[in-house]
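Peer 1: what's the 3D shape of this:
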Amino acid sequence: MRAVRFEQTGGPEVLQLAEVATPQPGPGQILIRHQAIGINFIDTYHRTGLYPVKLPSGIGMEAAGVVEAVGEGVTRFRAGDAAAYNGVMGAYADFAVVPAARAVKPPAGVDSHRAAAALLKGMTAEFLLRRCYRIEAGDTILVHAAAGGVGQIMVQWAKALGAKVIATVGDQRKAERARELGADHTILYREQDVAAEVRRLTDGKGVPVVYDSVGKDTFEASLASLARRGMLVSFGNASGPAPAVEPSRLQRGGSLFLTRPTLFDYTVTTEELDESASALFEMIGSGKVQIEIGQTFPLAEARRAHEALESRQTIGSTLLIP
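Peer 2: Numbering: from 1, shown residues only. Modelled structure (predicted):
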């Protein structure tokens, strides 16, 4: 089978397409033939070494397709079932072996392309909005990178929960998209003073929670946008890692909270995984969350896909197609 691999960390140029043996499922595992592969910013963190991995390595943590074979003891899936997963390294490939307990069955109304575009990003939105900081109707929240894959889902889901959404974006085209999805206000974070705009829009109070996937470029503005006892949820590094912060900075900002969560700590058990995926699929099925696949690339062009992602040229979700 074909698989994208890298032997050293670096830019998109380190990604190489290789021919490797097709794996076979062991006990408790399933073999999935991929039909669509999700691209996420975490893939770039692995490639650059920001999140260290053992080299040489495959890459990618999300895909969807059809079960080709099941290992001993597997009752959760049968050959021919639709299956999708996240959190297992090596998704940029024609096939992957994953633990049956870490894969889910998309419902009939969610095809493999939408499943691969939605699962990791959508489950991230689920735990951020419902469990990391529980959004209540009437809350005003700040969502950075609102036109991206996670951001689009968060805007729609937060609106479904009754929140007012202030969305930051990189340009006017993305601002228009965020407003189409329901954002109440948009801020061009490269051109405007984000914290000042948030204060203006909230009568000086600030917001109870900021969801920040951008990192270095927005971190200080995020802290400065918070109301007293507000929480900064820093969950990404699109512009580079957020800076270190002294605890006293949180006190001076109004007894603030700072968390750096990851999806995989919120889906530790199969029960948590299923509950999160079920909530996501319910939102998609209801029409309250639409999944935009903004661009697709052939598997062989993973390097070009990473270049597009890191240059902020993408909108919505990005897929690789085997």
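
Peer 1: any chance you could map the helices in the chain?
Peer 2: Ranges of helices within the chain are 41-48, 112-127, 149-160, 172-180, 194-201, 219-224, 247-252, 270-286, 302-310, based on DSSP state H.

Peer 1: what pLDDT, on average, does the fifth one get?
Peer 2: The predicted model assigns helix 194-201 a mean pLDDT of 98.

Peer 1: ends of stretch 212-230, how far apart?
Peer 2: 13 Å (C-alpha to C-alpha, to the nearest Å).

Peer 1: I meant stretch 259-274, not that one.
Peer 2: Across stretch 259-274, the terminal residues are separated by 24 Å (C-alpha to C-alpha).

Peer 1: quick one: contacts for Asp47?
Peer 2: Quick fix: residue 47 reads Arg, not Asp. 6, 9-12, 14-15, 59, 306 (C-beta atoms under 8 Å, 6 or more residues apart in numbering). In short, each C-beta sits where N, CA and C put it, glycine included.

Peer 1: if we can go back for a sec, quick check: which of the helices of the chain is nearest to Glu72?
Peer 2: Counting by C-beta to C-beta, Glu72 lies closest to helix 270-286 out of the helices of the chain; the figure is 17.9 Å.

Peer 1: Could you give the average pLDDT over the closest one?
Peer 2: So the average pLDDT for helix 270-286 ends up being 97.

Peer 1: Now do it and helix 112-127, the angle between them.
Peer 2: Using axes from the mean of the first three to the mean of the last three C-alpha atoms, to 10 degrees, the inter-axis angle of helix 270-286 relative to helix 112-127 is 110 degrees.

Peer 1: Let me have the contacts of Arg47 in CSV, extended by distance to Tyr211.
Peer 2: Shown next, in CSV, are these (distance: C-beta to C-beta, whole Å):
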residue, distance to Tyr211
Phe6, 30
Thr9, 28
Gly10, 29
Gly11, 28
Pro12, 27
Val14, 30
Leu15, 29
Ile59, 26
His306, 24
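
Peer 1: Can you flag the buried ones in those?
Peer 2: Neighbour counting with 16 or more other C-beta atoms under 10 Å marks 6, 12, 14-15, 59, 306 as buried within these.

Peer 1: quick one: which of those residues is nearest to Phe297?
Peer 2: Once C-beta to C-beta is applied, the member of those that ends up nearest Phe297 is His306, at 9.4 Å.

Peer 1: Ser311 versus the closest residue in space to that closest one that isn't next to it in sequence, what's the distance?
Peer 2: Nearest in space to His306, with sequence neighbours left out and distances taken as C-beta to C-beta, 6 or more residues apart in numbering, is Pro12 at 4.0 Å. To Ser311, Pro12 is 10 Å away according to C-beta to C-beta, to the nearest Å.

Peer 1: Low-confidence ranges, the stretch 101-250 of the chain, go.
Peer 2: For the stretch 101-250 of the chain, no stretch is flagged by pLDDT under 70.

Peer 1: quick one: strands adjacent to the longest strand anywhere in the chain?
Peer 2: Taking DSSP state E as the criterion, the chain has its longest strand at strand 29-39. Using DSSP bridges, strand 29-39 pairs in its sheet with strand 62-70 (antiparallel), strand 95-99 (antiparallel), strand 317-321 (antiparallel).
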